[in-house]
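A.B. asks: pasting the structure only:
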């Protein structure tokens with residue numbers, strides 16, 4: 001980036017390089033590519049209505065916070081978050097921000113598009129039930145949520161609240177192995193306060209206990225609801241009945257379902273919940289690498305048919321609450337507790353996991369008939385030799 005930065009991360013609008021194509025136009029901002037030197041930055045220009053109520057000092061401190069990190073922390077942050085690089089001012093007015101372009105692994109390969117289009121977590125959701133045999137990539141969704149958990153906890157340990165947790169703000173690589181958080185100027189911290197207050201789309205505000213709260217607990221409450229919407233392939237859900245709970249158990253152990261349900265209440269955020277999230281996130285990440293789903297009945301492979309791509313900025317209306325016939329249905333028989341299943345399938349085992357049932361865990365050592373026969377022959381020969389030796393001595 002050719003723009004010089006000072007320790008506060010502020011520049012005048014005249015310092016902006018020539019602008020190119022408009023990448024995105026939304027309610028709060030317009031994103032335009034900075035053509036020089038290499039198109040690796042975007043100018044995020046705030047809309048007037050948004051600019052009028054933002055805290056300019058908080059925004060400046062937010063940008064400076066990244067500059068104050070250690071080199072190692074800054075490099076790690078940049079791998080999973082599009083943290084703003086510069087505040088751009090037009091005289092006394094805060095015009096917007098310079099932010100990095102998402103790495104190419106998070107962009108859809110659309111050569112005819114006028115600008116790169118990001119692949120968001122929301123884009124994994126099918127537009128509806130009339131999609132033929134397309135199957136929702138549940139392992140990829142859960143693996144991505146696990147990676148978001150790790151990113152959120154990294155920020156929480158540094159007193160940063162993500163605030164605007166929603167699927168449209170989470171970019172995902174095609175293989176599901178990386179996530180990238182955008183709209184980072186919405187993040188809050190005691191170090192700078194809040195740039196523009198609590199943030200959440202209306203469909204999330206309708207289900208949150210306190211939509212105006214900004215805390216780590218609220219981050220997880222939003223993520224829990226996002227997981228429910230995504231896994232059930234339906235953003236219109238507002239309450240969970242027996243059918244929705246049964247469908248969640250099709251894709252997660254009961255212990256994970258309980259964790260998600262409890263996390264909807266920010267008041268349940270406490271150290272043991274954080275450890276539970278860390279554990280289940282690790283399992284989801286590992287299982288996703290093998291396209292597996294873990295439930296109380298064990299691990300099973302997920303169909304490999306890809307879900308159709310969607311516009312990353314349009315939320316789906318979602319399918320009906322009936323389970324899709326293309327998805328595996330829940331089983332019938334009683335099963336071991338989810339805590340036992342999760343405990344047995346730890347990270348190391350998932351590295352070489354094969355679909356199996358919990359009843360087969362831990363796997364007993366196999367006995368080979370050939371080995372048993374050889375052992376019997378050796379023992380018999382030893383006995384005969386001993387008898388002959390005694391006879392010879394006598």
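C.D. replies: Cool, the structure landed. Given the structure is predicted, the values throughout are model-derived calculations rather than measurements.
A.B. asks: Let me see the ranges of the helices in the stretch 151-300 of the chain.
C.D. replies: Here the stretch 151-300 of the chain has its helices, by DSSP state H, counting those that start in this stretch, at 202-205, 216-231, 242-249, 254-263, 271-289.
A.B. asks: List the neighbours of the fourth one that are in contact with it.
C.D. replies: With contacts defined as CB atoms under 8 Å, 6 or more residues apart in numbering, helix 254-263 is touched by 220-221, 223-224, 227-228, 240, 245, 248-249, 252, 268-269, 273, 276-277, 280, 296, 337-339, 342. Quick note: C-beta positions are derived from backbone N, CA and C, even for glycine.
A.B. asks: Can you give me the buried ones in that helix?
C.D. replies: For helix 254-263, burial by neighbour count (16 or more other CB atoms under 10 Å) applies to 254-257, 259-260, 262-263.
A.B. asks: follow-up on the earlier one: just the buried ones out of the contacts of helix 254-263, please.
C.D. replies: 220-221, 223-224, 227-228, 240, 248-249, 252, 268-269, 273, 276-277, 280, 296, 338, 342.
A.B. asks: Show me the one of the helices of the stretch 151-300 of the chain that comes nearest residue 124.
C.D. replies: helix 216-231 (7.0 Å; CB to CB).
A.B. asks: downstream neighbour of the strand or helix carrying residue 74 in the secondary structure list?
C.D. replies: Assigned by DSSP states H and E, residue 74 falls within helix 71-80. Next helix or strand after helix 71-80 toward the C-terminus (DSSP H and E): strand 86-90.
A.B. asks: count of neighbours near the closest residue to residue 69 other than its chain neighbours?
C.D. replies: Distances taken as CB to CB, 6 or more residues apart in numbering place residue 77 nearest to residue 69, at 6.6 Å, with adjacent residues excluded. Residue 77: 21 surrounding residues under other CB atoms under 10 Å.
A.B. asks: And residue 77, how close does it get to residue 174?
C.D. replies: From residue 77 across to residue 174, the span is 23 Å (CB to CB, to the nearest Å).
A.B. asks: pLDDT averaged over the helix holding residue 74, what's the number?
C.D. replies: Averaging pLDDT along helix 71-80 gives 97.
A.B. asks: With stretch 122-136 instead?
C.D. replies: Averaging pLDDT residue by residue across stretch 122-136 gives 59.
A.B. asks: Can you give me the end-to-end span of it?
C.D. replies: Using CA to CA, to the nearest Å, the end-to-end distance of stretch 122-136 comes to 12 Å.
A.B. asks: can you map out the strands along the stretch 51-200 of the chain?
C.D. replies: 86-90, 93-100, 107-108, 117-118, 170-172, 179-181 (DSSP state E, counting those that start in this stretch).
A.B. asks: Who does the third one pair with, and is each partner parallel or antiparallel?
C.D. replies: Spelled out, that is strand 107-108. strand 117-118 (antiparallel) (DSSP bridges).
A.B. asks: What about residue 181, how many residues nearby?
C.D. replies: 22.
A.B. asks: for it, what are its contacts?
C.D. replies: By CB under 8 Å, 6+ apart, the neighbours of residue 181 are 80-82, 148, 151, 162, 169-171.
A.B. asks: still on that earlier bit, which helices and strands does the helix holding residue 74 pack with?
C.D. replies: Counting contacts by 3 or more CB pairs under 8 Å, 6 or more residues apart in numbering; DSSP states H and E, helix 71-80 packs against helix 56-67, helix 138-156, strand 179-181.
A.B. asks: Give me the buried stretch members for it, please.
C.D. replies: So, applying 16+ other CB under 10 Å, buried residues of helix 71-80: 77-78, 80.
A.B. asks: That helix vs helix 56-67, what angle?
C.D. replies: 110 degrees (axes from the mean of the first three to the mean of the last three CA atoms, to 10 degrees).
A.B. asks: I would like the residues contacting helix 71-80, please.
C.D. replies: 66-67, 69, 83, 100, 147, 151, 154, 158, 178-181.
A.B. asks: can you check stretch 58-66 too?
C.D. replies: Applying CB under 8 Å, 6+ apart, the external contacts of stretch 58-66 come out as 7-10, 74, 77, 83-87, 94, 97, 160, 184-185, 187, 189, 191-195.
A.B. asks: at 6 Å what do you get?
C.D. replies: With contact meaning CB atoms under 6 Å, 6 or more residues apart in numbering, stretch 58-66 is reached by 8-9, 83-84, 87, 191-193, 195.
A.B. asks: Quick check: mean pLDDT of it?
C.D. replies: Across stretch 58-66, the per-residue pLDDT values average to 96.
A.B. asks: Can you lay out the strands of the stretch 51-200 of the chain as TSV showing distance to residue 287?
C.D. replies: Formatted as TSV, those follow (distance: least, CB to CB, whole Å):
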stretch	distance to residue 287
strand 86-90	40
strand 93-100	31
strand 107-108	25
strand 117-118	25
strand 170-172	16
strand 179-181	16
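A.B. asks: which of those sits most buried?
C.D. replies: Of all those, strand 170-172 has the most neighbours on average by mean count of other CB atoms under 10 Å, namely a mean of 26.
A.B. asks: any residues touching that one, and which ones?
C.D. replies: With CB under 6 Å, 6+ apart, strand 170-172 has contacts from 102, 106, 118-121, 144, 148, 179-180.
A.B. asks: If you rank these by neighbours, which is first?
C.D. replies: Top of the contacts of strand 170-172 by neighbour count (other CB under 10 Å): residue 144, with 28 neighbours.
A.B. asks: In this structure that one contacts residue 178, no?
C.D. replies: No. If you go by CB atoms under 6 Å, residue 144 and residue 178 don't touch, sitting 8.7 Å apart.
A.B. asks: which pair in the contacts of helix 71-80 spans the largest distance?
C.D. replies: Going by CB to CB, the pair spanning the contacts of helix 71-80 furthest: 67 and 147, at 25.3 Å.
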